[in-house]
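In: Next one to model:
(chains A and B)
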There are 2 protein chains.
Amino acid sequence: MNGWNDLHKKLDRMFFPKSVAVVGASDLPGKWGNLILISILGWKFTGKVFPVNPNKETVFDLKSYPSLLDIPEEVDLAVFAIPARLIPDGFRDCVKKGIHAAVVISSGFKETGDIGKALEEEIIDIARNGNMVFIGPNTMGIASAHHDFEAIPTPTPVEAGGLAIISQSGNLGLQILKWVAHKNIGLNIYAGTGNEAMLNASDMMRYLGERDDVKAIAMYIEGISNGREFMEIAEQVTSKKPVIALKTGRSRTGSKAAQSHTGSMAGSYATYEAMFAQKGITRVKTPTDLLNVSAAMTHLPMPKSNRVGIMTMGGGWGIVAADECEDAGLFLPELSGDIISRLDSLLPDYWNRGNPVDLVGEGDADMYLQVIEVLARWDEIDSVIPLGIVGRSQYMEDFITCQERMDGKLYTRELKLSVLKNQLQNENRIISGIARLQKETRKPIVLVALSETGLSLSDTEHGKVMSLSSPEQAVSIISHMAQYGMYLKQRTT
Amino acid sequence: MNGWNDLHKKLDRMFFPKSVAVVGASDLPGKWGNLILISILGWKFTGKVFPVNPNKETVFDLKSYPSLLDIPEEVDLAVFAIPARLIPDGFRDCVKKGIHAAVVISSGFKETGDIGKALEEEIIDIARNGNMVFIGPNTMGIASAHHDFEAIPTPTPVEAGGLAIISQSGNLGLQILKWVAHKNIGLNIYAGTGNEAMLNASDMMRYLGERDDVKAIAMYIEGISNGREFMEIAEQVTSKKPVIALKTGRSRTGSKAAQSHTGSMAGSYATYEAMFAQKGITRVKTPTDLLNVSAAMTHLPMPKSNRVGIMTMGGGWGIVAADECEDAGLFLPELSGDIISRLDSLLPDYWNRGNPVDLVGEGDADMYLQVIEVLARWDEIDSVIPLGIVGRSQYMEDFITCQERMDGKLYTRELKLSVLKNQLQNENRIISGIARLQKETRKPIVLVALSETGLSLSDTEHGKVMSLSSPEQAVSIISHMAQYGMYLKQRTT
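Out: Model (predicted):
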């Protein structure tokens, strides 16, 4: 435990540094040392930043130091963006200088063959003997949004929030981070673990598991070196917060590609599957699901069972959703007499009296919310999927275009905006009502919108409401959440 | 065959009318008869339009007629948006007036119970005895984009093109139409078949199969009344053009919901599966795939086998794609010595020499195109998926934002635009090069972009190029296309 406490402290310095040195800092556009520095400086980072580059006097108006040893102040973290063969010397400087944490962006190690492998072993030795930890090599960096700190080659303004990301792939991990930024999900920590020469995904999971502000952990995994340790940590972490993992290399080709990518052995996928299920890790199969399920688990209440209620504006969507539910292991209970009579008072008399509840294109915001409320407060279900009641502004815009053509004259900008604003206000009222019901009933209510934007999260005074653009995405989210909800329930009984 | 010739002619009048009467036309916002009329008039329809409404002198400046019989000119098509109980009289007027084609938007028929069923039988009788055909009831209408004719309750400006849609669900069908409109796919004919009292999906498939300007047919199917006829027609049509079908009701709940929706029996899903496979119908499971696969089959060359080459900017994406390929029955051949030596001359010497070809973040537009060309011209594969080389403008915008924050001053609008324009020009060059290769090699090249827009189609002088936002979508498209490609090959040998 002492070992872990010490490591935890070093990780705190890595992710919450007061001062950072960038070795290989550059003002030449496109260079990694340039991109990383823009990422750090372009953030709202309040700590000190020291460029290290022997060929420069200054980089971006900051004094540049010939080496780490020349920096006159304490340094919490060194970020390396120099050729692989120069890293050992850089590490030796870290040790001399008393820098205990490093991020090695540089590639050219284990993943390139024997020479790179020897180099990787050399830097591990230096770090071990020098009381230093490092993440990488061959990583696209780290970010810590609550600390306004980001050191990645794709500078991205992202809001701080509850979702942490661990990724063994830089490209894939940073794309997830982009989505988190642009879809209003809120980032906690991003840790690109790269080759995992020293720190690995298990360490990161353990660290993030102990941080209360981390609400959910999304992982992209190609291979795990120490399965037993991973399982032990997973068991601890998933009792406190959801861990969502995309484990690739399930195919022969994918597994081979993983090996040449970060030099990891993918291992038997079936073993991972069993391990994940046993330890409550939520397993997803696509990057889209990794994002969608992680976002939902960060922001929505967890359902306690796999029983779902569906409300649909049109029959087709309801049937598609029902099919998808059955494929995904979700169950649609038949409506009870009590629920039917409650809905009878809200719906036109020819309504289908089934689940999915088909509105046949009828109703308004109040009616939608009343029907959703009846479903959400019904004991027999633990989540609700309303289809087709929001996301209609594109419909309205098209309508205006056709009306303009018909009238032979354009709407004024004011009229157009007022029509759209009206539509939007109406939808906001629905979304706000759903947020309230979601909060009161502690059941997730996931919308399927008539739009083309994929996942979207709306902020309301009662929390976030999630909508997707196609039923299969909503169903996939609920099914993964239900599985975790049932895992938690079974674990505590 | 005479029967069919006669029907074909009537369908021509239905989808390419010179004059249309709208029974129930209204200028009251929100009424179906209002929406349908706006859809017709808001189009560029050049035919004559006759509102029928006994309570109005005019509707939208057009003279309104008390009944169909009062219209002084010939009418090719009557569109009904009046209560169900009034339809029989309307049909009798059609017969008297010599109108041979009708669209019945109105619901309240078979799907509502015994009274509605009797009403539906009554109008079938009137039509049969009166030498008249109709589509519906309980449909959201039809559209015929090359004729600038659209009669649906969600007026939508859509470009004319090669994709036809047949849908037994109005909501779902019109959402597909919306996507076709907003994603630049190009619509041919939309036929919402509703309850299929007289005309059914088989008739529509046969009709669209005979029209040369229809390049592909997308179908949403809940149930088929005459399986044998459907199979015979499908066999004919799929020999000429792809038919992509989303058949729902595969679950118990979905099947039950389908029955109450359009009153159709879903039938055994396994039977449909077998039937679709035998007759070369491309079966998809989600609305997203219905759209994506249909768009691809409308615009891209069909692969002749299931062998795929992947090029990726980063390892993770390649591995995800490789896994998805194997799940979807696609095969990634190992690179031959010849291909490896060709790529050796293009790639940095540590490249992985495997399929997926991993660029490890290196390269420029020229290099990407050269690698794609080597893959596309290789005999051992029939489609190419390049990952991560386009869709980077969001990355560039984020970069600018961070640089602005760093510099403490905003970029000028001109500078911003010039940076983004440069990025875009670069990507357009890649896209145009891919279009050329796609055309020359007759192999589909489907991009996975770093963006959040889902399906997107780019126009170039060499045809359209398709990109998706996540690998599983591209893989699903290619696997469905390969299956149809192999079906065609096996059929002709």
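
In: going forward, measure contacts and count neighbours with C-alpha atoms only.
Out: Will do.

In: residues making contact with the longest strand seen in chain A?
Out: Looking across chain A with DSSP state E, the single longest strand is strand A:160-167. Here strand A:160-167 makes contact (Cα atoms under 8 Å, 6 or more residues apart in numbering or on different chains) with A:145-146, A:173, A:177, A:185-194, A:201, A:204-205, A:208, A:213-221, A:294-295, A:298.

In: do stretch A:373-390 as well
Out: A:303-314, A:317-318, A:333, A:339, A:342-343, A:368, A:372, A:427, A:430, A:437-438, A:441, A:443-450, A:471, A:474-475, A:478.

In: Please apply the same query to stretch A:19-27.
Out: Under Cα under 8 Å, 6+ apart, the answer for stretch A:19-27 is A:33-34, A:36-37, A:47-53, A:59-60, A:67-68, A:74-82.

In: let's go with 6 Å and repeat that
Out: With contact meaning Cα atoms under 6 Å, 6 or more residues apart in numbering or on different chains, stretch A:19-27 is reached by A:33-34, A:47-53, A:59, A:75-82.

In: since we're on residue A:372, how many residues are nearby?
Out: 24 (other Cα atoms under 10 Å in any protein chain shown).

In: roughly how far apart are it and chain B?
Out: Remark: distance between residue A:372 and chain B (Cα to the nearest Cα, to the nearest Å) = 19 Å.

In: so how far is the helix or strand hosting that residue from its chain's centroid?
Out: For residue A:372, the host element (DSSP states H and E) is helix A:365-376. Put simply, helix A:365-376 sits 30 Å off its chain's centre (Cα atoms, centre = their mean, to the nearest Å).

In: Stretch A:35-52 now?
Out: Distance, centroid of stretch A:35-52 to centroid of chain: 24 Å (Cα atoms, centre = their mean).

In: so, in contact with chain B or not, it?
Out: Yes: using Cα under 6 Å from any Cα of the partner chain, stretch A:35-52 reaches chain B at A:41, A:42.

In: still on that earlier bit, next step: the contacts of stretch A:373-390 restricted to strands.
Out: Using DSSP E, the contacts of stretch A:373-390 in strands are A:308, A:309, A:310, A:311, A:312, A:447, A:448.

In: rewinding a little: adjacent strands (with direction) for the longest strand of chain A?
Out: strand A:187-192 (parallel), strand A:216-221 (parallel) (DSSP bridges).

In: quick one on the thing from earlier: can you put the ones in strands among the contacts of stretch A:373-390 in TSV and add neighbour count, distance to residue A:290 and pLDDT?
Out: As requested, these are arranged in TSV below (neighbours: other Cα atoms under 10 Å in any protein chain shown; distance: Cα to Cα, whole Å; pLDDT from 0 to 100):
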residue	neighbour count	distance to residue A:290	pLDDT
A:308	28	21	98
A:309	27	24	98
A:310	25	23	98
A:311	26	26	97
A:312	25	26	95
A:447	28	18	97
A:448	28	18	95
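
In: which of those residues lies closest to chain B?
Out: residue A:312 (9.9 Å; Cα to the nearest Cα).

In: Among the contacts of stretch A:19-27, name the ones in strands.
Out: A:48, A:49, A:50, A:51, A:52, A:59, A:77, A:78, A:79, A:80.
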